[in-house]
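model this:
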Amino acid sequence: MLFFKKKIIPLNKLFPEGFVDIHSHLLPEIDDGSKNIEESIRLIKNFRSFGIKNITTTPHILGSFWPNTPEIINEKLDLVRKELIHQNITDIQLNAAAEYMLDEKFMRLLYDKNLLTLKDNYILIELSYINPPENIFNIIFDIQANGYKPILAHPERYLFYHYKFEKYKKLKDAGCYFQLNLLSLVGYYGSEVNKTAIQLLKNNLIDFLGSDVHNHSHLQHLNRLGSSKNVSLLKPILENNFIFKK
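You can find the predicted model right below:
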């Protein structure tokens, strides 16, 4: 009996020129991502080998646990940019925004209009994995009323919505954009998340894509992304990320 290995397209053939990764944790010693400047540079070099040269990295801002500020984030960004130049890596466009947990601190930042955007008025938000805020639709409304466009990070990872699929559609109808984690399509977070990711894609509910890379293990898993099934699912929306190019 012959067994045929599934063909995997190399990532540098999958991502179109101009693709912008809008979700990662590449700045050093700032959250649960890169541990030091050396790791940051290695991760970025790997992104470049995938054909991704435009990156807007998004450190967590989460209460007192990760109390990052625009000043802290931009200081780390400047550090990494300088090291890239020092190593003569000049073809990477690295920017920074943030991944905001919808908590009380976020609401204060929102009303103060002290938010780091992906570009223009798009902001990346996330929910607790335990439960969504009871007033999530009010928060989405407040975000828009203050002039921002919310992008929900990795909606496929919120297990409390998996069996209430109508909630996804309700969030979309409320004006919330969705960003899918590419790692979800290689089964990194488990089969249930994988199934939900595919269902969201097939229902045309995903607007943007992001790697959510924190470390080298994530990059190794991403190497399995280019299956024919994944390519057909991703192809219609890869170019959506072009709008974030700076």
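
torsion angles phi and psi at A153?
Phi and psi for A153, reported as degrees, to the nearest 10, are phi -70, psi 140.

use 226 as the first number for this chain going forward.
In the new numbering, first residue 226, that becomes A378.

ok, the spatially closest residue to it that is not a sequence neighbour - contacts?
Spatially, and ignoring its direct neighbours in sequence, A378 is nearest to E351 (4.5 Å; C-beta to C-beta, 6 or more residues apart in numbering). Quick note: C-beta positions are derived from backbone N, CA and C, even for glycine. E351 sits next to 324-327, 377-379 when contact means C-beta atoms under 8 Å, 6 or more residues apart in numbering.

and the gap between E351 and E263?
E351 sits 27 Å away from E263, taking C-beta to C-beta, to the nearest Å as the criterion.

same check, this time on S249
Between S249 and E263 the distance is 17 Å, computed by C-beta to C-beta.

between these two, point out the one with more neighbours.
Ranked by neighbour count (other C-beta atoms under 10 Å), S249 and E263 place S249 first, with 25 against 11.

relative to F272, how far out is K397?
K397 sits 29 Å away from F272, going by C-beta to C-beta.

neighbour count for these two, which is higher?
F272 (24 against 19).

can you confirm K338 is in a strand?
No: secondary structure of K338 (DSSP: H, G, I helix; E, B strand; the rest coil): coil, not part of a strand.

helix/strand/coil for the residue nearest to A321 when sequence neighbours are not counted?
Computed as C-beta to C-beta, 6+ apart, the closest residue to A321 that is not its neighbour in sequence is L302, at 4.3 Å. What three-state DSSP gives for L302 is helix.

return the residues in contact with L302.
Taking C-beta under 8 Å, 6+ apart as the contact definition, L302 lies against 252, 282, 319-321.

just F433 next, same as before
Contacts of F433 by C-beta under 8 Å, 6+ apart are 247, 376, 402-405, 462, 465-466, 469.

could you rerun that using 10 Å?
Shown in contact with F433 (C-beta atoms under 10 Å, 6 or more residues apart in numbering): 245, 247-248, 343, 347, 349, 376, 378, 402-405, 462-463, 465-466, 468-469.

can you list the weak-confidence ranges in the protein?
Filtered on pLDDT under 70, the chain yields the residue ranges 226-231.

noted, bye for now.
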